[in-house]
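Undergrad: have a look; sequence and predicted model below, questions after that.
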Amino acid sequence: MESRVLSGAATISGLLRLRKPVRDTVCFAPARPIGAVGEGGNLIWGRQLRPALILESSPVFGVNTGKREILRPTMASASSPAEGSDSAGDAKVGFFDKYPVLVTGFFFFMWYFLNVIFNILNKKIYNYFPYPYFVSVIHLLVGVVYCLISWGVGLPKRAPIDSNLLKLLIPVAVCHALGHVTSNVSFAAVAVSFTHTIKALEPFFNAAASQFILGQSIPITLWLSLAPVVLGVSMASLTELSFNWTGFISAMISNISFTYRSIYSKKAMTDMDSTNVYAYISIIALIVCIPPAVILEGPQLLKHGFNDAIAKVGLTKFVSDLFWVGMFYHLYNQLATNTLERVAPLTHAVGNVLKRVFVIGFSILVFGNKISTQTGIGTGIAIAGVALYSYIKAKMEEEKRPTEVSINGKPSWTRRAS
């Protein structure tokens, strides 16, 4: 009897807490990157609203306010009598909630690991199959097939798309396709380390576009932090042993493409989850990439491209290499998104810089690329400049973000109602 009375009291108490209106705060989720795409570590920006429980007021215990109220769930849970407990029990905490640092560390590790493997395998393919337009199509094709299978089994459930959202995503996908293809043209033409050094200029193009295209004021501290980046890339380019204009210009076009992609992404804010958005962008980008590949490389591939590759490594290795490079490309981008959703912008910015350091270092070790002293110093200066820029920019963004509070042990975001 005592157990039933306590259980009933806990239930009524929980209902009274749920009916208490929220007056001082409004629950919302800030704009967050919802997809990491492209080799440059760029992100598709979007907004994923945190679901709030909305209840039309109805007579409960004779009370009717006539207003819509936001209900926040509580941590209270009552043990059933069958469990042999007379008091409310603690909610079970899963492994992911109990050890968040370990889980986040795992995400970072897999992000770096998959990115390094992708870059190494990608370059090895270009050493015996120098057709970057076709390989770019394979990257996207494997990812699209992966997404379609995931949709088929309901992991995740496919989100519907309408004509308005499609119009917003098309410019983003076109810029993504152009940036992806030109990045691969550069990878095929020069050393991986040199391409990544050039792509370190990406923040400079982003700042320039924000200042002169979007009309946003860029603080002088950000411009000064970009000076080492420009200086370092210039030093590395002058003495790079694998330098050629095709690789250099392609990497620069990639930077510009990803900059415009960021601009269009900010206009394509959507409530759709990041996995579905990235899937739709991959499908559109694949459609965009197929015609140039067929026109520019199709005749050569049919004449001798495929035969030469098969003669060098065999059909089985050739097909498996293309499949796995596509899988690594898709998975490392998805892991970058998952990692960003778990950490603050500053942490992710630093992690992105370290990722580029890892890729440059491992590519030099694996391929034995010889670099001059000036190239090494220039690369170091450029990476340091990117790190400084990322740190300053992330700090500025964090200052603009609302205060984080904890609801049910999970982070939420609140701001004072005006």
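TA: Great, that's in hand.

Undergrad: okay, CA-based contacts and neighbour counts for the rest of this
TA: Noted.

Undergrad: low-confidence ranges, the stretch 1-150 of the chain, go.
TA: 1-96 (pLDDT under 70).

Undergrad: what about 80?
TA: 1-101 (pLDDT under 80).

Undergrad: for the helix or strand in which Val144 is found, give me every contacting residue.
TA: In this structure, Val144 sits in helix 132-153 according to DSSP states H and E. For helix 132-153, the surrounding residues in contact (CA atoms under 8 Å, 6 or more residues apart in numbering) are 126, 156-158, 180-181, 184-185, 188, 279, 282-283, 285-286, 289-290, 292-294, 296-297, 322-323, 325-327, 329-330.

Undergrad: report the next helix or strand after that helix in sequence order.
TA: helix 163-189.

Undergrad: quick one: buried residues of that next one?
TA: Across helix 163-189, burial judged by 16 or more other CA atoms under 10 Å covers 168-189.

Undergrad: do the same with stretch 304-320
TA: Gly305, Ala309, Ile310, Phe318.

Undergrad: now tabulate those residues in TSV and tack on pLDDT.
TA: Formatted as TSV, the buried residues of stretch 304-320 follow (pLDDT from 0 to 100):
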residue	pLDDT
Gly305	95
Ala309	96
Ile310	96
Phe318	97
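
Undergrad: just those: which are in strands?
TA: With strands defined by DSSP state E, no entry of those lies inside them.

Undergrad: which two of the residues you listed have the greatest separation?
TA: Largest separation among the buried residues of stretch 304-320 by CA to CA: Gly305 and Phe318, giving 11.7 Å.

Undergrad: just to revisit the earlier point, just the buried residues out of the contacts of helix 132-153, in ChimeraX syntax.
TA: Filtering the contacts of helix 132-153 down to the buried ones (16+ other CA under 10 Å) takes a single ChimeraX command:
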select :126,158,180,181,184,185,188,279,282,283,285,286,289,290,293,297,322,323,325,326,327,329,330
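
Undergrad: looking at the contacts of helix 132-153, which are in helices?
TA: Secondary structure from DSSP state H places 126, 180-181, 184-185, 188, 279, 282-283, 285-286, 289-290, 292-294, 296-297, 322-323, 325-327, 329-330 of these in helices.

Undergrad: including distance to Phe113, could the buried residues of stretch 304-320 go into JSON lines?
TA: Formatted as JSON lines, the buried residues of stretch 304-320 follow (distance: CA to CA, whole Å):
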{"residue": "Gly305", "distance to Phe113": "30"}
{"residue": "Ala309", "distance to Phe113": "27"}
{"residue": "Ile310", "distance to Phe113": "28"}
{"residue": "Phe318", "distance to Phe113": "22"}
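
Undergrad: just the closest of the residues you listed to Val116, please.
TA: Phe318 (19.7 Å).

Undergrad: not counting sequence-adjacent ones, nearest residue to that closest one?
TA: Excluding the flanking residues, the one nearest Phe318 by CA to CA, 6 or more residues apart in numbering is Ile310, at 6.4 Å.

Undergrad: check what contacts stretch 283-296 and list those residues.
TA: Residues contacting stretch 283-296 (CA under 8 Å, 6+ apart): 133-134, 136-137, 140-141, 144, 170, 173-174, 176-178, 181.

Undergrad: farthest-apart pair in these, please.
TA: Across the contacts of stretch 283-296 (CA to CA), the longest gap, 21.2 Å, separates Phe134 and Ile170.

Undergrad: now Ala336, what's its secondary structure?
TA: helix (DSSP: H, G, I helix; E, B strand; the rest coil).

Undergrad: let me know whether it touches Met110 as I believe.
TA: No. Ala336 is beyond contact range of Met110, at 9.0 Å (criterion: CA atoms under 8 Å).

Undergrad: what about these two, which has more around it?
TA: Ala336 (28 against 17; other CA atoms under 10 Å).

Undergrad: measure the more buried one to His196 for me?
TA: From Ala336 across to His196, the span is 17 Å (CA to CA, to the nearest Å).
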